[in-house]
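> coordinates for the following, if possible.
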Amino acid sequence: QVQLVESGGGLVQAGDSLRLACAASGGTFSTNAMGWFRQAPGKERDFVAVINWNGAMTDYADSVKGRFTISRDNAKNTVYLQMNGLKPDDTAVYYCAARMLPTYSSNYFSTTKYDYWGQGTQVTVSS
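Next comes the predicted model:
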């Protein structure tokens, strides 16, 4: 059973940066593709970013491309989301997710393609 614990959320001002971390345990982290999603109040959970097992492949939602960077440290069983130039529209609960395969296909943006989820961390961006 894979367990994921997110950290690093908080209240920031527009234009600030945050780095989220997701620590994994209970599985073989280096064999999992990992994703970040977010969910604003009253909205569906949306894809943010995904990374394959060794970090050689990444993809991003258009809304965060150029501002957010996903990375991973397999030695620490941790995936990160560096968020720069934050906007009020980025306010949401951010979730990390693990896929029980080392890579991802064209439907990586679907929540159904991930097998384990963390509990989420709140990010609030004030204007």
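
> dihedrals phi and psi, the residue nearest the centre of the chain?
By Cα atoms, centre = their mean, the chain has its centre lying nearest to W36, at 2.0 Å. Phi and psi for W36, reported as degrees, to the nearest 10, are phi -120, psi 140.

> what about the closest residue to it other than its chain neighbours, which helix or strand?
Counting by Cβ to Cβ, 6 or more residues apart in numbering, the nearest residue to W36 once its immediate chain neighbours are dropped is V48, at 4.3 Å. Where you see a C-beta, it was placed from the backbone N, CA and C, and this is true even at glycine. In the assignment (DSSP states H and E), V48 maps to strand 45-51.

> which residues sit against the next helix or strand after that strand?
Downstream of strand 45-51, the next assigned helix or strand under DSSP H and E is strand 58-60. Contact partners of strand 58-60, identified using Cβ atoms under 8 Å, 6 or more residues apart in numbering, comprise 48-52, 68, 70, 104, 108.

> hang on, the earlier thing: ok, the residue nearest to W36 - how many residues close by?
Neighbourhood size, V48 [other Cβ atoms under 10 Å]: 25.

> what of W53?
The local packing of W53 (other Cβ under 10 Å) involves 20 other residues.

> for it, what are its contacts?
W53 touches 30-33, 74, 102-103, counting by Cβ under 8 Å, 6+ apart.

> so what sits opposite C22 in the bridge?
Counting by DSSP bridges, C22 is bridged to E6, V79.

> pretty sure it contacts G118?
Yes. Under the contact definition of Cβ atoms under 8 Å, C22 touches G118, with a separation of 5.9 Å.

> neighbour count: the two, which is higher?
Using other Cβ under 10 Å as the criterion, C22 and G118 rank with C22 on top: 25 against 21.

> so how far is R99 from the more buried one?
Per Cβ to Cβ, to the nearest Å, C22 is found 13 Å from R99.

> overlap of the contact sets of the two?
Common neighbours of C22 and R99, using Cβ under 8 Å, 6+ apart, are M34.
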